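Participant: Predicted model follows, preceded by the sequence.
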Amino acid sequence: MPIINACLGIIYNKLENSVLLACRPEGKPFAGYWEFPGGKLERDESAFAALIRELNEELDIIVAIPNLSYLDQIEYQYPHALVTLDIILVTAWQNEPQPLEGQKLFWYQLDKDIELEPLLPTTAKIFELLANYL
Ligand SMILES: Nc1nc2c([nH]c(=O)n2[C@H]2C[C@H](O)[C@@H](COP(=O)(O)OP(=O)(O)OP(=O)(O)O)O2)c(=O)[nH]1
């Protein structure tokens, strides 16, 4: 069974108590599902380096290491692969996030009960986990 190592950013607007979600674009597996921005680690790439690269490629934002905190790692078994996800909190960034890959973006307010569907299975799991950190 292949293993995929990926990272994702919890892009947190403390004032609004919201986190940025992205809808997976057409052409990717699970198109239309809401996820946290991020992507696969390249060979020999650290989780922080991968996240900085992915957020720049997908959202045009620039993040610096002092504004990143490593929160946790989760694993999820998909039919085709075991995915490990490094979950990284992003507390400051430069530029307004832009949907550079045609993905929809949504600032999800943590204290409001807004229905957003469908979620990747990991998105629901990560929301539960965030209650410990935010
Ligand atoms: N970005 C992201 N990926 C997630 C989440 N949950 C989850 O299981 N994944 C999985 C899906 C993929 O197997 C992997 C990341 O894949 P991706 O397709 O977004 O990565 P990528 O941009 O590097 O992909 P690619 O187009 O280069 O193939 O992590 C999540 O919340 N965010």
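Facilitator: Okay, I see it.

Participant: what sits against Ile4?
Facilitator: Contacts for Ile4 (C-beta atoms under 8 Å, 6 or more residues apart in numbering) come out as Lys40, Ala81, Leu82, Val83, Thr84. In this view, the C-beta of every residue, glycine as well, is placed from N, C-alpha and C.

Participant: Please repeat the previous calculation with a cut-off of 10 Å.
Facilitator: For Ile4, the contact set (C-beta atoms under 10 Å, 6 or more residues apart in numbering) comprises Lys40, Leu41, Tyr76, Tyr78, His80, Ala81, Leu82, Val83, Thr84, Leu85.

Participant: Phi and psi next, for it.
Facilitator: phi -110, psi 130 (degrees, to the nearest 10).

Participant: Look up how far the ligand lies from it.
Facilitator: 5 Å (C-beta to the nearest ligand atom, to the nearest Å).

Participant: pLDDT score for that residue?
Facilitator: Note on Ile4: pLDDT of 98.

Participant: on that earlier part again, from the contacts of Ile4, which land in helices?
Facilitator: Here DSSP state H is the test, and those give no hits in helices at all.
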